[in-house]
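**Student:** Next input, structure requested:
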Amino acid sequence: MSTTTVTDTASSNAGRKKGRLANLRNIGIMAHIDAGKTTVTERVLFLTNKIHRTGEVHDGEATMDFLEEEQKRGITIQSAATTCEWKGTTINIIDTPGHVDFTAEVERSLRVLDGAVAVFDAVSGVEAQSETVWRQANKYGVPRMCFINKMDRVGADFYKAVRSIVDRLSANPVPIQMPVGAEKDFKGVVDLIHMRYYEFLEDQTVKPYEESDVPAELLEDAKMRRHELCESAAEFDEDLLDLFVEDEEIPADMLQNAVRLGTLAMEMTPVFCGSALKHKGVRLLLDAVVDFLPSPLDIPPLTGINPDTDEEETRAPEDSEPLSLMAFKTIAEPTGDLTFVRVYSGVLEKGTKIYNPRTTKDERIGRLVMIHANKREAVEQVHAGEIAAIIGLKRTVTGDTLCNPDKPIVLEKIQFPEAVISMSIEPVKGQDRDKLGTVLGRMMREDPTFRAITDEETGETVISGMGELHLEIVVGRIKGEHNCDVQTGKPKVAYKMRLTKAIDTTARYVRQSGGRGQFAVSKIRFEIAEDEGAEYEFVDEIKGGNVPREYIQHVGNGIKSAVEGGSHGGYPFMGVRATLYDGKSHEVDSSELAFFNSGILAFRQASENNTTLLEPIMKLEVRTPEEFLGSVVGDLNSRRGEVSDVEAQDDLRIIRAMVPIAEMFAYSSTLRGSTQGRGSFSMELEEYRSVPKAIAKKALEQD
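**Tutor:** Below you'll find the model as predicted:
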């Protein structure tokens, strides 16, 4: 990571706004890769005087892309946080990655944000990753608005992009602006709420735009668009509806309030437009963030579970409430982990103790900082509704709840997708083996979708992640940031297993070695969960004490160990439901270890000749010029692909298909070759499916 700067001044602490939740916005910038998220964020920071010159993504100088790999590749890899001020409102911003391999960064950011700005390319409209981040925002109930970027690009079409939001996202986008011109002739927008015309000026160093009445030649079109806006907004304000039905003039403040209500209810998505690279439309976007996106006061009180009573409790976003916060991101550093947190209630103070219900341990707050990319400002307190970071927590990981020790609460966890590919890794120099282990441990703390395990039989270290690019960047960081030279094996598919049929089994774990023996008998019913992708589930149906209560959970832990460790190649199992319904014990020879081992034995017996190999199936979107359509589709068919849709977009063809990831290694070079370098693709995990028998046999033999 780049060198960081820490400032600790009384004036900076005093200058921070406290308790003014109505004037606080916690937002994320999200989109498909290359739609312009980081450029939008860069312009926002410039306009709010957070930076004094803009750095460009393509030059590797963007403020929020500060990792070496981000600067080298010109993409966002990890979410970056910053805080700025606009017209009396504090805006906490998280710039998220657009590549599907780093979707976990979007997932954990949206979990703690109140609102979001979805950025779309005016030419491409909704793209594959746009759908993914939109679904994630739906899952966490995050109100959002849209910014149609790159309006000055050849082929830009504002209304076509808006239609794609309806068709692909099943959303209700409502234009708040009417663009004037497009491509090289894009010169301004009409604000449909206030009926004002903003003409963007080429030399924005002096003045960003000229504001005036709507020109006569645009007035009729603008009135029609405003009428459509009023019709959409009328659902959220009865007074506005009465005026609309009577065909009366609707005041701007009434219309703006109705749009805000619709946005907060997630039944309307305001749409704005511009060209962030040319600084066009970003000021108006900032105004809209303040006007339409929620403050912490607009979000329903947080609900969680009291770990002592298992009862549901709520926390309002107020300083007077008991402290509750969530750790949503960790950066492992030599001086101590940097843990990003969202404070939902209470006041987090330097030097106090906080409780982690997962570990049942207290941790002390050493240093608190506000974050701006890779710079930090030390603070004494963080108030309800704010986002900050703690330096030095030792046992806290992503998704942990932290709270007042006397008023414990557990908030809903963040769910992360499973890894889909893996590869072996080893240090070039033997003496770097311990160093590599330390580095991999740090990276796992940072990234919940990254895994590293050591095969006990071979001693081989295997890393797993969300895709080839994910692992490629991990390896690049190990070599570059951590100065540890490594070599890797070929990528492999992260297969999973499933039981073929339900089965009952009796596991007798009996060992006698002269002294005290080991005795445990467990009768277990193994079933396939209704949701075959569900996590392992253990059910206790013991009656009459045939298995003493203190041993029951150890049976479950033994089964879990076997389920996760896998068999037949070491692949973990999905959708296993195990019910312990009977057993036997011995008053002398039974022990926790004996029943743990009986659980392992039971699963091995149940899975013997009773397994199906599963492979990750990816949802693929390929964009190619029309003349290469036939060769691209033919190639996908040869990869066991199932083409579901081909959409025309000017001279481009968008192919959507489902393809096993086993067939997609090195696909980028094949696509470049078959489209003369003009094709592009993106993919994400959709589901797991059974592997055809011949391919499964070959895969298992290789392992």
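
**Student:** ranges for the helices of the stretch 501-650 of the chain?
**Tutor:** 549-565, 592-607, 629-638 (DSSP state H, counting those that start in this stretch).

**Student:** sorry, that was for the stretch 301-450 of the chain
**Tutor:** Taking DSSP H, counting those that start in this stretch as the test, the helices found in the stretch 301-450 of the chain are 433-446.

**Student:** Extract the residue ranges of it that are flagged as low pLDDT.
**Tutor:** Applying pLDDT under 70 to the stretch 301-450 of the chain picks out residues 334, 373-374.

**Student:** ok, what's across the strand from Phe147?
**Tutor:** Under DSSP bridges, the beta-bridge partners of Phe147 are Val119, Phe272.

**Student:** what sits against it?
**Tutor:** Phe147 sits next to Val40, Val117, Ala118, Val119, Phe120, Val271, Phe272, Cys273, Gly274, Ala276, Gly281, Leu285 when contact means C-beta atoms under 8 Å, 6 or more residues apart in numbering. Backbone N, C-alpha and C define where each C-beta goes, glycine included.

**Student:** Just name the most buried of the helices of the stretch 501-650 of the chain.
**Tutor:** helix 592-607 (a mean of 22; mean count of other C-beta atoms under 10 Å).

**Student:** Can you report phi and psi for Gly673?
**Tutor:** phi -70, psi -40 (degrees, to the nearest 10).

**Student:** ignore the last one, Asn609
**Tutor:** The phi/psi pair for Asn609 (degrees, to the nearest 10) is phi 50, psi 30.

**Student:** ok, so what distance separates it from His383?
**Tutor:** 60 Å (C-beta to C-beta, to the nearest Å).

**Student:** Likewise for Thr505?
**Tutor:** Using C-beta to C-beta, Thr505 is found at 56 Å from His383.

**Student:** Give the residue from these two that has the larger number of neighbours.
**Tutor:** More crowded of Thr505 and His383, by other C-beta atoms under 10 Å: His383, with 24 against 19.

**Student:** May I ask which helix or strand encompasses the closest residue to Lys619 other than its chain neighbours?
**Tutor:** Distance criterion C-beta to C-beta, 6 or more residues apart in numbering; nearest residue to Lys619, sequence neighbours excluded, is Glu686 at 4.1 Å. According to DSSP states H and E, Glu686 maps onto strand 680-690.

**Student:** hmm, who's touching that strand?
**Tutor:** Outside strand 680-690, the residues that reach it (C-beta under 8 Å, 6+ apart) are 32-33, 99-100, 103, 127-129, 132, 417-418, 420, 466-467, 496, 498, 532-533, 574, 612-623, 658-661, 664, 667-668, 671, 696.

**Student:** In it, which residues are buried?
**Tutor:** For strand 680-690, the neighbour count (16 or more other C-beta atoms under 10 Å) marks Ser680, Phe681, Ser682, Met683, Glu684, Leu685, Tyr688 as buried.

**Student:** what sits against Thr352?
**Tutor:** Taking C-beta under 8 Å, 6+ apart as the criterion, Thr352 is in contact with Arg364, Ile365.

**Student:** Number the chain from 42, please
**Tutor:** Yes, from this point I'll number from 42; that puts the last item at Thr393.

**Student:** What separation do you get for it and Leu443?
**Tutor:** Thr393 sits 11 Å away from Leu443, taking C-beta to C-beta as the criterion.

**Student:** re earlier: which of the helices of the stretch 542-691 of the chain sits closest to Ala263?
**Tutor:** helix 670-679 (39.8 Å; C-beta to C-beta).

**Student:** Distance to Arg267 and mean pLDDT for the helices of the stretch 542-691 of the chain - can I get that in JSON lines?
**Tutor:** Formatted as JSON lines, the helices of the stretch 542-691 of the chain follow (distance: least, C-beta to C-beta, whole Å; pLDDT from 0 to 100):
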{"stretch": "helix 590-606", "distance to Arg267": "58", "mean pLDDT": "91"}
{"stretch": "helix 633-648", "distance to Arg267": "65", "mean pLDDT": "93"}
{"stretch": "helix 670-679", "distance to Arg267": "41", "mean pLDDT": "93"}
